[in-house]
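Undergrad: Need a 3D model of the following:
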Amino acid sequence: MSDTTIDTATPPADRLTPLLFAIAIFTSASLVFVVQPMVTKLVLPMLGGSPSVWNTSMVFFQTALLAGYGYAHAVQKVGSIKLQVGIHLALLAAAALFLPLHINGWLGDPNPSAPIWWLLATLTLSVGAPFAVLSATAPLLQAWYARVRAGHPDGKNPYVLYAASNLGSFLALLSYPILIEPLTTLSGQRWGWTGGYGVFVLLVVALAMVVWSRRLDRSAEPAPLEKSAPIAWKEKGILILLAAAPSSLMLGVTTHLSTDVASAPFLWVIPLALYLLTFVIAFQNRPWIPLQYTLIIQAAVGALCVLLVAFRSANWGMAFGVNIIAFFFTTLMCHQLMAARRPAPDRLTEFYLLMSLGGVVGGAFTALVAPMIFNMVWEYPLVLVLVGLLRPWGKGRLDGQYIGTIVAAAAVAASPVLLSLWLDSNDSARATFHSMFPLGMAQLAMVMLVPAAICAFLARDRALVFTGILVMVALSSQWIARGYDWSHSERSFFGVMRIANVPDVRMGGDVHVMMHGTTLHGAQAQQGQNQCAPTLYYNVNTPIGQSALMVRGRGPAANIGVVGQGSGAMAAYKRAGDRMTFFEIDPMVDRLARDPKWFSYISECAEGPIETVLGDARLTLNQQPARSYDLLIIDAFSSDAVPTHLLTIEAIQGYLKLLKPNGVVLLHLSNRNLDITLPTLAAAQELGVPALHQLYIESGDMPSMAEASTEAVVLSPTAEGLADFARDRRWRTAAETSVRPWTDDYVNLFGALWRSQFPPAERPL
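TA: As a prediction, the model looks like this:
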């Protein structure tokens with residue numbers, strides 16, 4: 001009797017085999033993807049809250065996934081499935097030596113000038129082994145399933161189990177910000193994950209028993225699958241590109257949304273979760289969304305997103321929705337095209353290896369290469385446009401209809417640029433235009449470019465035509481929506497920093513403005529009496545300015561520390577007898593702030609030298625002497641997000657230890673999308689230290705760059721430290737809050753977003 005002969009009297013245990021495989025794959029996928037936000041959260045305190053931390057971590061996880069898939073492909077060369085199972089069990093046991101997961105300190109603290117390689121190496125040494133072994137599970141178990149179930153109908157399509165794998169990944173990722181993070185501590189997450197790993201090992205042991213018992217006599221085992229034709233090199237290249245584009249878009253949309261729309265780290269998991277959901281749909285026997293419908297929807301939302309991506313909308317909900325929908329259907333299109341090209345089951349592990357290689361290529365381009373070659377986040381719109389080349393190309397020569405569409409689209413796309421150039425050269429025409437269109441050129445251009453986007457949609461069956469029209473739309477929209485007259489743009493691991501020149505007669509002439517994402521990090525008048533006047537959040541009227549003046553009024557000399565340098569505006573408060581130190585994570589920011597070509601607060605306005613200490617503030621402040629500061633200002637922004645590890649109970653305890661008995665720490669808490677005030681007040685309440693709160697609203701009578709609305713909380717080790725603040729009616733004692741304070745072991749960002757959208761009664765106004 002042959003190895004593939006099927007016993008028609010299938011035992012009851014055999015009917016449980018598909019379920020056991022599905023549960024094992026589901027469990028491993030859940031563990032693989034819930035660990036990603038958890039481990040990234042563990043490493044964030046060393047590198048601040050930049051989206052680049054997540055993107056670089058994703059490159060590590062994709063590379064580890066590639067290593068796991070490579071191992072799964074290599075182990076298939078072993079003829080005996082029993083030996084394969086034994087090897088995998090041995091590696092699972094070896095990887096368990098790295099549990100519970102933690103970030104080891106073997107490489108010391110990161111160098112802020114070159115954090116990428118430190119991060120990749122630290123993740124490799126800390127979690128690389130268990131992650132790589134677990135990630136091999138999906139292709140490995142599918143290959144085993146195809147052999148164990150040879151002769152059964154479901155054994156001919158083991159790719160269906162990939163849907164179960166990605167469903168587990170999708171649910172795990174969504175549960176992290178909504179359930180796991182708000183309800184458990186990091187310590188609980190680490191030990192819970194360790195327990196899940198143990199359960200998975202038991203499942204693999206159970207599968208081993210199934211594999212070893214799948215024979216008709218005591219010596220036989222499932223036969224190897226019949227060999228199919230090799231995958232052609234051209235086909236391999238197409239598969240890699242189809243995998244690379246969604247991977248690049250996933251990280252690109254994360255950077256775009258986190259920096260320019262809603263800078264909240266827990267939002268980073270949403271693109272990854274949707275990325276995995278597209279795999280679930282693409283590898284179903286009967287997809288929920290057929291490919292022909294995906295192609296139509298992707299053409300529509302892709303063209304709309306290319307049109308809007310250059311325009312920084314104040315309505316972040318709309319911008320978030322459009323970008324996420326476009327990302328989802330573009331990724332789904334690529335994965336469905338890839339699923340349609342999947343080879344026979346004997347090539348399964350090679351197929352997953354190529355897919356994983358594409359993921360690494362796309363991720364590495366966005367996270368590692370793009371920051372070095374682009375001075376802004378160009379990679380996201382670039383890939384969003386070029387992915388159109390992966391659509392169906394059509395056949396035959398272009399007819400008159402397509403040529404007419406191209407000409408019409410080119411004329412429409414060029415018209416806003418031509419109008420803008422004409423207005424720039426004609427003052428009277430520009431004045432007339434602004435009287436007719438008070439919303440400005442950007443809004444009019446958006447309307448004018450809609451017909452061009454419609455032309456792209458009409459040409460959706462011709463990939464080259466479709467992509468060419470989107471290129472024209474993208475270039476035109478980027479030109480019109482350039483916003484300020486940017487004099488300088490530079491990019492580092494921690495983000496894009498831009499400097500613009502904004503003429504303002506009320507400020508004495510030219511004003512240099514520093515911006516990261518959609519947040520202004522400083523502005524300085526370049527001439528006249530306002531040249532050394534601190535502006536925006538640092539104006540003398542804001543809580544930050546008030547604190548500096550109050551502390552200076554206590555004596556002729558003060559020791560002031562400022563976390564977050566920006567344009568260096570706080571240097572304007574430094575007297576000859578004072579000592580001032582900036583704590584800045586990004587060397588690029590320090591260099592720009594000290595360059596008199598852009599800002600002169602440090603070089604000309606400060607009385608005496610000012611030191612800058614580079615590195616994450618939690619690490620560098622630990623090296624400062626205790627009880628030495630009169631004033632500490634915590635003002636570390638990454639676009640509009642405050643690194644959460646700077647607002648925990650442990651962080652605030654560290655600040656208080658650095659203060660003199662009557663010293664003051666000010667926490668700048670202005671944020672458009674997250675309520676970070678109540679957790680901060682809850683931390684002060686937990687520590688039992690006096691705290692005062694102020695929400696300053698700009699008057700509107702001053703020049704636009706002179707001041708900005710600011711929210712802040714001041715703390716001191718003693719009541720005497722806040723006595724002069726308490727006498728100022730602008731500072732108020734906040735009511736006690738029931739919100740749980742943040743700790744190094746617990747942060748609830750989903751709750752912070754919810755409170756921002758639906759403020760509770762206890763929220764101080």
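Undergrad: Quick one: neighbours of Pro741, just the number.
TA: 21 (other C-beta atoms under 10 Å). In short, each C-beta sits where N, CA and C put it, glycine included.
Undergrad: what's near enough to touch it?
TA: 648-649, 679, 682-683, 685-686 (C-beta atoms under 8 Å, 6 or more residues apart in numbering).
Undergrad: Just flag the most distant two among these.
TA: Maximum pairwise distance among the contacts of Pro741 (C-beta to C-beta): 13.9 Å, between Thr648 and Gln685.
Undergrad: Where does pLDDT dip in the stretch 1-150 of the chain?
TA: Along the stretch 1-150 of the chain, segments meeting pLDDT under 70 span 1-15, 48-51, 148-150.
Undergrad: What segments of it are helices?
TA: Listed from the start of the chain, the stretch 1-150 of the chain has helices (DSSP state H, counting those that start in this stretch) covering 12-15, 17-47, 51-75, 81-95, 115-135, 137-148.
Undergrad: Can you add distance to Pro392 and give these back as a markdown table?
TA: Supplementary listing: these in a markdown table, determined by distance: least, C-beta to C-beta, whole Å:
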| stretch | distance to Pro392 |
| --- | --- |
| helix 12-15 | 42 |
| helix 17-47 | 31 |
| helix 51-75 | 28 |
| helix 81-95 | 39 |
| helix 115-135 | 32 |
| helix 137-148 | 29 |
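Undergrad: Out of those helices, which is closest to Leu549?
TA: In terms of C-beta to C-beta, the element of the helices of the stretch 1-150 of the chain nearest to Leu549 is helix 17-47, at 32.3 Å.
Undergrad: Packing partners of that closest one?
TA: Counting contacts by 3 or more C-beta pairs under 8 Å, 6 or more residues apart in numbering; DSSP states H and E, helix 17-47 is packed against helix 51-75, helix 115-135, helix 137-148, helix 160-175, helix 186-213, helix 269-282.
Undergrad: winner for burial among these?
TA: Mean neighbour count, computed with mean count of other C-beta atoms under 10 Å, is highest for helix 137-148 among the helices and strands packed on helix 17-47, reaching a mean of 25.
Undergrad: Name the residues of the host helix or strand of Phe725 that come out as buried.
TA: Per DSSP states H and E: Phe725 is located in helix 723-726. Within helix 723-726, the residues that qualify as buried by neighbour count (16 or more other C-beta atoms under 10 Å) are 724-725.
Undergrad: Tell me what angle the helix or strand following it forms with helix 17-47.
TA: From helix 723-726 onward toward the C-terminus, using DSSP H and E, the following helix or strand is helix 749-757. Regarding helix 749-757 and helix 17-47, their directions subtend 70 degrees when assessed with axes from the mean of the first three to the mean of the last three C-alpha atoms, to 10 degrees.
Undergrad: elements contacting helix 749-757?
TA: Right, helix 749-757 is packed against helix 181-183 by 3+ C-beta pairs under 8 Å, 6+ apart.
Undergrad: quick one: contacts of the helix holding Phe725?
TA: Outside of helix 723-726, the residues that reach it under the criterion C-beta under 8 Å, 6+ apart are 547, 550, 553-554, 664, 692, 714, 731, 733.
Undergrad: just the contacts of Pro741 now: which is nearest Leu141?
TA: Top of the list for closeness to Leu141, among the contacts of Pro741 and by C-beta to C-beta, is Thr648 at 40.2 Å.
Undergrad: Please name the nearest non-neighbouring residue to His751.
TA: If you look again at residue 751, you'll see it is Gly, not His. Nearest-residue entry for Gly751: Pro182, 6.0 Å, with adjacent residues in sequence omitted and distances by C-beta to C-beta, 6 or more residues apart in numbering.
Undergrad: Just tell me which of the helices of the stretch 1-150 of the chain ends up closest to Gln623.
TA: Comparison of these against Gln623 by C-beta to C-beta identifies helix 17-47 as nearest, at 14.3 Å.
Undergrad: thinking again about what came up before, contact partners for the residue nearest to Gly751?
TA: In this structure, Pro182 makes contact with 748, 750-751, judged by C-beta under 8 Å, 6+ apart.
Undergrad: Strands of the chain, residue ranges please.
TA: Remark: strands of the chain, listed N- to C-terminal, are 486-492, 495-504, 509-516, 519-525, 559-563, 579-584, 611-614, 629-634, 659-668, 691-696, 710-715; assignment by DSSP state E.
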